[in-house]
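1. Any chance you can model this:
(chains A and B)
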2 protein chains.
Amino acid sequence: MSTLISVRSEDIRFPTSLSLDGSDAVNVAPDYSAAYVVIETSAGDCGHGLVFTSGRGNDIMAHAIQSLGQQLLGDDVESVLDDMGGLSRRLTRDSQFRWLGPEKGIIHMAAGALLNAMWDLRAKRENVPLWLLLARMPVDDLVDLIDFSHITDALTPDEARAILQAGQEGRESRIAELLRDGYPAYTTSPGWLGYSDEKLVRLSREAVAEGFGMIKLKVAGDLDDDKRRLALVREAIGDHPVSVDANQKWEIDEAIEWMNELAEYKPFWIEEPISADDVLGHLDVKRGIEPIRVATGELVHSRIAFKQLLKLGAIDVMQIDSTRVAGVNENLANLLLAAKFGVPVCPHAGGVGLCEIVQHLSFFDYAVVSRTQEGRFIEYVDHLHEHFVDPVVIESGRYLAPSKPGFSSEMVASSRAEWSYPDGAGWRGLDPAARTADTRQLAERFSPYQ
Amino acid sequence: MSTLISVRSEDIRFPTSLSLDGSDAVNVAPDYSAAYVVIETSAGDCGHGLVFTSGRGNDIMAHAIQSLGQQLLGDDVESVLDDMGGLSRRLTRDSQFRWLGPEKGIIHMAAGALLNAMWDLRAKRENVPLWLLLARMPVDDLVDLIDFSHITDALTPDEARAILQAGQEGRESRIAELLRDGYPAYTTSPGWLGYSDEKLVRLSREAVAEGFGMIKLKVAGDLDDDKRRLALVREAIGDHPVSVDANQKWEIDEAIEWMNELAEYKPFWIEEPISADDVLGHLDVKRGIEPIRVATGELVHSRIAFKQLLKLGAIDVMQIDSTRVAGVNENLANLLLAAKFGVPVCPHAGGVGLCEIVQHLSFFDYAVVSRTQEGRFIEYVDHLHEHFVDPVVIESGRYLAPSKPGFSSEMVASSRAEWSYPDGAGWRGLDPAARTADTRQLAERFSPYQ
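-> Model (predicted):
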C-alpha cells in the first residue's frame, strides 16, 4: 500500500518563437511549452503528465494543476488507480473548481494532466505501455472509466459496451499487427507559415520520400501566398495527399470562398476553417466546400462539443488532442463517439509531448474501437522529441508501437531543468528580450489582425 | 497624461458554504469569492474589476488576471481608454495566451476582469456611472468596441449600427425613466436547495410583498422534493411568476421528463436544464417542454456560443453574466445579438458583485438597445452587498439606477482585507476545516452525483 505524497507542477518553455517553428495564421510566434506535473507516491514511484501551451500563461496552467492536484494528497494510491473513473469525476466535478470551466479551458486541462499522470503511474506499475493496458482491459472496466454525463443522447453506456465488445474479436491479431507495423503518420513539419518557399518544397519532398501518408500546410495568411505555396508543393510531390490548416482564422463565408479558391489544388482536408466553438458554422462550411473534408479538434474543449459536431454531421475528420480535454478518460468517450458516428480520428500532435502521448490513443483505437486505419493518420512534427525519456519512433512514415511501460509522457530531468522558465540555464543564455518571452515584435510582424 | 503603473490581483473569499446560501443541485457548497483586480495609474487613480468564483480555484483565477495584466504595465492610460475595442482584442487574441482558451474559461474571464477594471476607471474619470457613459456614447464608438470575429454570420457591424441607431430615438426619455423608476428585478433568495420548507415559504411571501416580479427556485435534487416545494410556494404566492433552475444537472431526456412533471406548477422558465455547452440539446429540450421557456447563460462562455443558441432558436431567455465573458465589450455583442434575434435578456446575478456590475448592462440595454422591459428582470440575491462601495439599491422590487461614477465594481478596502484568503482576519477566526475551505464533507452530503 502506498499514499500519494506530492503533486508538483513545473513551468517548462522552449524559445521556439526565435525560429518561427510552429508559426501559423493565428499562433504567430509560439514558445512551445509544457505545464508539467510529477505525482509522487510513498512507494517512491512517480507518474508524469503535462499540458501543452504556447508560452505566455504556462505559469497559470502550472498553477492550476498544482492547485487542483492538492485534493489528491494523502490518497491511497492503489484505490485511486483502481477507480480511475471515480478520479475523473472527482477532478472535473468538484463543486467549487467546476465554476472555472465547467469542463473547458485551463481547469479542464489541469484535470487532464493529473489524470494522465496517474495513468502513466498505473501503466508503469503494470509494466506495460498504456495503449496495451487499455487494449487488454475488460470491456466493463473501460466503460466505467467514462463520464457519460451530457452525452447520453449520442452514446449510452450500453452502446459503448457494444462497440468495445465487438472490438474484442481479432484484438490480439490487431495488436500483433500494431507491434509489427506501427500506425500511419502525416507530417506538418514542411508547412509552417514562417518558412521560405525553398524550405517548404525541400521539406515536402523529403516528407514524401520518408513515407508520410500526407503532409499539411498552414494557410489563411494571404490567398495569393497560399496558392503559390500549394502550387509549388503540388509541382514537387504530385498527387500525394496534402491538407491545409487555417487555425480558425476565417468567418464562415470567408472559409467557403477561400477554400473554393484553393479547391483546384485538391486539399485532402481543411482543418479549423472557423472557430472550433462554432458547431453550426462547421455544417455551413462543410456544405459550402464539398467534397473537401472538414477537420477540427485541437481546440474542441470536451466530449460535449465533439458530440454536437458528430450529431450534426458537421465534420469529416475528428482531431482529438491528448492534453486539451480531461485526459485518457474523456478521450475514450471521444473515440467511442467517433466510432458510433463513423468518423475517422486523426489526432492533433506536435507541440511538446503531444506525439508521445496521443499515439497511445490511436494504437488503442485500432486495437479495440475503430479496428481500421483507413483514412487515419497521427500528426507528426519533428520538434522537441529529444527531451522525452521514451520519444516517438517514426519509421517509413509510421509511428512504431510504444514499447516502454507508461504513457511516454516523462521528460528527461536535465531538459526540465535546462528549460525551466524563467530561470533554467537555457533561458539564462538567451538575450533579455527572448528571456522575458516578449515576442511582441515578432507577433506584430506576423499578426493576421492588422 | 498618465501611465499604467500596477496591476494587482487579490484572492477574496467568503465562507458562505457554512450557511448553504447559494446551494443548488450542482453548486452544493460554494464559498462565494472574488478574484479581484486593482489597476493603478501614475495619476493616482484606480480601476477595479473582479471575477466571481465558487471558492477553490479562486487563487488560479487571481493568478491569471495578474499574469495577463502584466502586458499592460507602462501603457499610456489615455490611449488605452480611448481604444477599448483595441484593448479587448489585445487581451483576447494574444498569440500565446489564447491557446489557454481560446475565448473561454479562466483566461477569458481574466480578460474580462481587466477590461471591466479599465471601464471602471474610464467611467470614474468621466465622472459618470458606466451605464450612462455607454448609453450616451456615439453609435460608431460603440460599434468599434465589439469584436465581431466568429459572429458575422449572425450580426454584422452594419446590423449592430442599425440597432443602436434606432436606439437613439427616445433615448433621453428612457434614461429619464430609468433614473426615476429603475429596472425590474427578480429574486432567487428564497429558493436555495439547502433551505428549509419554512424558510422557503416565508422568504417567498416576503419577496412578493417586497414587489419582486418573479422568484426562482433551485430544483433537480429530487423530484418529490421539487414538487413539494413548488406546491408550497404556489400555495403561498398564488399565480405570481416562479421560475426554476436545474444548474445543468440533467441529460436531455431527463430534463424533458422532469419538467413535464413540474409543468402543473406553471414555471415561468427552466434555467440551465442541461449543459450550457450543448447548443443542440437546448433545442430538443425547448421542443419537449413548450410552452415552458428555456433560459441559460451564466456558464455560456462567449458570444460565439450565444450566437448559436440564438440562431437555432434554442432559448427563450438569454442570461448574460458580467464576469463570465470578456467584459463589457463582449456583453455588448451579446446584447446586440439578443436584440437581433428578439430574445429578452435577464442577466444572471448574485455571487459577489454580480448584481452591482451587471445592472449597468441592463440599464444600457433599455436605453439604446432593446428599448423595452417586457419579460425582462435582473436577478437579485441579497448577499454580500455590504462589501461594495456603491452597493445596489433595490426598492419595490426594482433596481434603482446606479448614480455614482464608475462601474460599481469597487469593494470596500476593509472587506477586502478581512476576507483575503487564507490570511484575512475573517478566515483566521473560523475553525481550521472552514479556513482551509475543505468543504468536502458538506459537498459529499449534498452531492447529486452519488
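
2. Enumerate every residue touching residue A:396.
-> Neighbour list for residue A:396: A:210-211 [criterion: C-beta atoms under 8 Å, 6 or more residues apart in numbering or on different chains]. Yep, even glycine has a C-beta here, placed from its N, CA and C like the rest.

3. so how far is residue A:201 from it?
-> To residue A:201, residue A:396 is 22 Å away according to C-beta to C-beta, to the nearest Å.

4. Equivalent analysis for residue A:244, please.
-> 16 Å.

5. do residue A:102 as well
-> Look at residue A:102 and residue A:201: by C-beta to C-beta, they are 46 Å apart.

6. neighbour-wise, which of the two wins?
-> residue A:102 (24 against 18; other C-beta atoms under 10 Å in any protein chain shown).

7. Ignoring the adjacent residues along the chain, who's closest to that one?
-> residue B:299 (6.4 Å; C-beta to C-beta, 6 or more residues apart in numbering or on different chains).

8. What residues does the stretch 101-250 of chain A have near chain B?
-> Residues of the stretch 101-250 of chain A that fall close to chain B, judged by C-beta under 8 Å from any C-beta of the partner chain: A:101-109, A:149-150, A:152-153, A:248.

9. now the stretch 251-400 of chain A
-> So the stretch 251-400 of chain A meets chain B at A:251-253, A:274-275, A:277-281, A:284, A:299, A:301-302, A:304-305, A:307-308, A:311-312 (C-beta under 8 Å from any C-beta).

10. hmm, back to that, quick check on the residues of the stretch 101-250 of chain A next to chain B: which are buried?
-> Among those, those classed as buried by neighbour count (16 or more other C-beta atoms under 10 Å in any protein chain shown) are A:101-109, A:149-150, A:153, A:248.

11. So which bits of stretch A:159-177 are buried?
-> Neighbour counts using 16+ other C-beta under 10 Å place A:159-160, A:163-164, A:167, A:174-175, A:177 of stretch A:159-177 among the buried residues.

12. ok, so of the residues you listed, who is nearest chain B?
-> residue A:159 (14.1 Å; C-beta to the nearest C-beta).

13. May I have the helix or strand containing the closest one exported as PDB, CA atoms only?
-> Element membership for residue A:159 (DSSP states H and E) is helix A:157-166. Output of helix A:157-166 as PDB, limited to C-alpha atoms (Å, rounded to 0.1, in the frame of the first residue of the first chain):
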ATOM      1  CA  PRO A 157     -23.000   3.100 -21.700                       C
ATOM      2  CA  ASP A 158     -24.700   0.100 -23.400                       C
ATOM      3  CA  GLU A 159     -23.700   1.400 -26.900                       C
ATOM      4  CA  ALA A 160     -20.200   2.000 -25.700                       C
ATOM      5  CA  ARG A 161     -20.100  -1.500 -24.300                       C
ATOM      6  CA  ALA A 162     -21.300  -2.900 -27.600                       C
ATOM      7  CA  ILE A 163     -18.700  -1.100 -29.600                       C
ATOM      8  CA  LEU A 164     -15.900  -2.400 -27.300                       C
ATOM      9  CA  GLN A 165     -17.400  -5.900 -27.200                       C
ATOM     10  CA  ALA A 166     -17.200  -6.000 -31.000                       C
END
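
14. Tell me the first helix or strand C-terminal of it.
-> Going down the chain from helix A:157-166, the next helix or strand is helix A:171-181, by DSSP H and E.

15. for that following helix, packing partners?
-> Judged by 3 or more C-beta pairs under 8 Å, 6 or more residues apart in numbering or on different chains; DSSP states H and E, the packing partners of helix A:171-181 are helix A:130-135.

16. which is the next helix or strand following the helix it packs on?
-> Helix A:130-135 is succeeded, C-terminally, by helix A:139-144 (DSSP H and E).

17. If you count neighbours, what's buried in that next one?
-> Neighbour-count burial for helix A:139-144 flags A:139, A:142-143 (criterion: 16+ other C-beta under 10 Å).

18. want to try JSON lines for those, with distance to residue A:127 and pLDDT as columns?
-> Below are the buried residues of helix A:139-144 laid out as JSON lines (distance: C-beta to C-beta, whole Å; pLDDT from 0 to 100):
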{"residue": "A:139", "distance to residue A:127": "22", "pLDDT": "98"}
{"residue": "A:142", "distance to residue A:127": "20", "pLDDT": "98"}
{"residue": "A:143", "distance to residue A:127": "25", "pLDDT": "98"}
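
19. Let's check: the centremost residue of chain A is which one?
-> residue A:321 (2.6 Å; C-alpha atoms, centre = their mean).

20. how close does that one get to residue A:119?
-> Distance, residue A:321 to residue A:119, by C-beta to C-beta: 16 Å.

21. same thing with residue A:409?
-> 9 Å.

22. Please enumerate the shared neighbours of these two.
-> residue A:49.

23. List just the nearest of the buried ones among the residues of the stretch 101-250 of chain A next to chain B to chain B.
-> residue A:105 (2.0 Å).

24. Assign the residue nearest to residue A:102 to helix, strand or coil.
-> coil (DSSP: H, G, I helix; E, B strand; the rest coil).

25. Give me the spatial nearest neighbour of residue A:126, chain neighbours excluded.
-> Residue A:126 sits nearest to residue A:133 (C-beta to C-beta, 6+ apart), 5.7 Å away.

26. how about the one you found, what does it touch?
-> Listed by C-beta under 8 Å, 6+ apart, the contact set of residue A:133 reads A:122-123, A:126.

27. hey, where'd the helices end up in the stretch 201-350 of chain A?
-> Assigned by DSSP state H, counting those that start in this stretch, the helices in the stretch 201-350 of chain A fall at A:223-237, A:252-262, A:279-289, A:303-311, A:327-341.

28. Can you lay out the ones you listed as JSON lines showing mean pLDDT and mean neighbour count?
-> Listed next are those as JSON lines, based on pLDDT from 0 to 100; neighbours: other C-beta atoms under 10 Å in any protein chain shown:
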{"stretch": "helix A:223-237", "mean pLDDT": "97", "mean neighbour count": "16"}
{"stretch": "helix A:252-262", "mean pLDDT": "98", "mean neighbour count": "18"}
{"stretch": "helix A:279-289", "mean pLDDT": "98", "mean neighbour count": "21"}
{"stretch": "helix A:303-311", "mean pLDDT": "98", "mean neighbour count": "25"}
{"stretch": "helix A:327-341", "mean pLDDT": "98", "mean neighbour count": "25"}
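
29. That'll do, ta.
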